[in-house]
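Return a 3D structure for these sequence lines:
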Amino acid sequence: MQAAVWLVAAAALCRAADDISADAADEDAPVIPEPEPFDPELGVQIMILDRVEDCSVRVADGDIIQIRHNGFYDNQQIDSDGGKPLRLQIGARNVLEGMERGMLGQCLGETRIITIPPELGFDHPEMNFKNKPVPDGSTVAYKIKVVDIAPRPGSLSFALAPVREVLEANIITITLIVIMAGIWYLFNSQAEAAEKKKRRKSAVNTIKRAQKKGKKSD
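Model (predicted):
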């Protein structure tokens, strides 16, 4: 039953979803990869669409991340990021619990399809949805790409994060300062070079005058 639900959801998602990075759609029929082994502790079915070569950074519980996502039910899109990355913290229940579970261990830049059963989706007992986009008892599928994982406390990247934020927030001002400093340096270099040339010319003229006086005295 699990496999059948996953296959229907995955096939529907691959047919209906636009590419998450807004690239041009491929006219060829999508190739559905094999799902990952089902983990009963996670309770969701994971299928990795786009793997990354460098998977040195993975999503962990408590991480603050940014994702691109689209949600589907019965061949219909029920949720999307609106064209902008969604920022959330894993474990804070900013999104469906099934989404959080399915993203654990996901690589930065990796795209997954996560098939979520009702109890970890819109029928979650601890999440009160005023307007559910699906009927009770619905299994949904989400296509998710992790586009950013914030530095973790204790890391060098975390320590330098405030500096990076200041630089990014003031990039225009910093750029103008650098440009003006470059102009000032160039101007002063040219002025100094002109002054040196003037002093050399003056010294040469002084030597010539001294030589002329010496010849006259002879």
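
CA only for contacts and neighbour counts going forward, please
Will do.

ok so Lys143 is a strand residue?
Yes - secondary structure of Lys143 (DSSP: H, G, I helix; E, B strand; the rest coil): part of a strand.

residues near the residue nearest to it when sequence neighbours are not counted, how many?
Nearest residue to Lys143 in three dimensions, chain neighbours excluded: Ile113, at 4.4 Å (C-alpha to C-alpha, 6 or more residues apart in numbering). Counted by other C-alpha atoms under 10 Å, the residues lying close to Ile113 total 28.

Give the partner strands of the helix or strand where Ile113 lies in its sheet and their orientations.
Using DSSP states H and E, the element containing Ile113 is strand 111-116. Here strand 111-116 is paired, per DSSP bridges, with strand 45-50 (antiparallel), strand 140-149 (antiparallel).

In a markdown table: the ones you listed, plus mean neighbour count.
Compiled in a markdown table, the strands paired with strand 111-116 are given as follows (neighbours: other C-alpha atoms under 10 Å):
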| stretch | mean neighbour count |
| --- | --- |
| strand 45-50 | 20 |
| strand 140-149 | 24 |
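
can you redo the ones you listed as a markdown table with distance to Pro33?
Below are these laid out as a markdown table (distance: least, C-alpha to C-alpha, whole Å):
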| stretch | distance to Pro33 |
| --- | --- |
| strand 45-50 | 7 |
| strand 140-149 | 14 |
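
Throw those strands into a markdown table and include distance to Ser56 and mean pLDDT, thanks.
Supplementary listing: the strands paired with strand 111-116 in a markdown table, determined by distance: least, C-alpha to C-alpha, whole Å; pLDDT from 0 to 100:
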| stretch | distance to Ser56 | mean pLDDT |
| --- | --- | --- |
| strand 45-50 | 16 | 94 |
| strand 140-149 | 11 | 96 |
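
closest to Val134 out of those?
Among these, the nearest to Val134 by C-alpha to C-alpha is strand 140-149 (8.5 Å).

Need the CA coordinates for the closest one. PDB is fine.
What follows is strand 140-149, C-alpha atoms only, in PDB (Å, rounded to 0.1, in the frame of the first residue of the first chain):
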ATOM      1  CA  VAL A 140       0.200  14.700  -0.300                       C
ATOM      2  CA  ALA A 141       3.500  15.000  -2.100                       C
ATOM      3  CA  TYR A 142       6.000  17.900  -1.900                       C
ATOM      4  CA  LYS A 143       8.900  18.600  -4.200                       C
ATOM      5  CA  ILE A 144      11.500  20.400  -2.200                       C
ATOM      6  CA  LYS A 145      15.000  21.800  -3.000                       C
ATOM      7  CA  VAL A 146      17.200  23.100  -0.200                       C
ATOM      8  CA  VAL A 147      18.900  26.300  -1.400                       C
ATOM      9  CA  ASP A 148      20.500  27.500   1.800                       C
ATOM     10  CA  ILE A 149      21.500  26.100   5.200                       C
END
